[in-house]
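In: the sequence isn't on hand, but the structure is:
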Ligand SMILES: [Zn+2]
């Protein structure tokens, strides 16, 4: 178990999430001539390697894969990530590594997955790639019920994807997204995937104007060009994400589809050069309660 809470770590610096998982899993499975369906022992073995590669690259937060169908498989996934994270934390205790249980934002089984992730040692839940706020609110309500049942606060990162116009695919604006999720008091609000790092700069700038919560961003490497190449090399990707950091827009950065350990290594290094977005005042009392609740676990 990490000694510092995610809230404390976020006061000091910009934290780096890991990169894409789904694409890495397929690549690994193909190389081993195996299939690796989510939740199988083969999949867990591959995830163990992927977690290590991202931790080696400098990630502060590693995510489970998505798509677990029940509490037991989610628990195994979190446990695998927890072991890898703790192994790296023990090497450099001043840099605690955290585990996030990742759930597709509109997944109806968010509650049972979240319970499994927390049982397995996850520090937080990420509801990611939300395409509309209706499914997202259902997910947030489900997590709130889990937290109430367990008598503990569950830090949640809420992340939407955007279309090419800087709105959610549903057409909802950044303001509507924020209004829908802010009542739930998330650890952070932000965006992931979308059409690459350039596509998130404007929505992030708008979110930063209105958000009383921390902000997270982990774009994809971009849409493939006509030749099927992903548009962002690790260097270009890190330079584009550095624009968020230079403008003071973010607290958590990382990569989504098409990004790998090379992207994350450059991001983690760049993050050390910038200050995190200042902590919103409203959360001070809340964070203290949470720190206490977590330390008492
Ligand atoms: Zn993605």
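Out: That came through fine. Only a predicted model underlies this, so the values are computations on that prediction, with no experimental measurement involved.
In: where are the low-confidence patches of the stretch 1-150 of the chain?
Out: Counting by pLDDT under 70, the stretch 1-150 of the chain has low-confidence residues at 1-4.
In: elements contacting the helix or strand encompassing residue 90?
Out: Using DSSP states H and E, the element containing residue 90 is helix 71-91. Applying 3 or more CB pairs under 8 Å, 6 or more residues apart in numbering; DSSP states H and E, one finds that helix 71-91 makes contact with helix 41-57, strand 61-63, strand 98-104, helix 110-119. All C-beta spots, glycine's among them, are computed from the backbone N, C-alpha and C.
In: and the contacts of that helix?
Out: 1-2, 38-39, 44, 47-48, 51-52, 55-56, 62-65, 68, 95-99, 101, 112-122 (CB atoms under 8 Å, 6 or more residues apart in numbering).
In: most tightly packed of the helices and strands packed on helix 71-91?
Out: strand 61-63 (a mean of 28; mean count of other CB atoms under 10 Å).
In: just how off-centre is it within its chain?
Out: The chain centre lies 7 Å from the centre of strand 61-63; the measure is CA atoms, centre = their mean, to the nearest Å.
In: repeat that for stretch 248-262.
Out: With CA atoms, centre = their mean, you get 9 Å for stretch 248-262.
In: buried sites along it?
Out: By 16 or more other CB atoms under 10 Å, the buried positions in stretch 248-262 come out as 249-262.
In: with stretch 261-273 instead?
Out: 261-268, 270-271.
In: do stretch 12-23 as well
Out: 14-21, 23.
In: let's see which of those residues end up in strands.
Out: The strands, defined by DSSP state E, take in 15-16 from the buried residues of stretch 12-23.
In: now, which of the buried residues of stretch 12-23 sits nearest residue 201?
Out: Nearest to residue 201 out of these is residue 14 (CB to CB; 15.9 Å).
In: check contacts around the nearest residue to the closest one once chain neighbours are set aside.
Out: Of all residues beyond its chain neighbours, the one nearest residue 14 is residue 271 (4.3 Å), with distances taken as CB to CB, 6 or more residues apart in numbering. Residue 271 sits next to 13-16, 245, 253 when contact means CB under 8 Å, 6+ apart.
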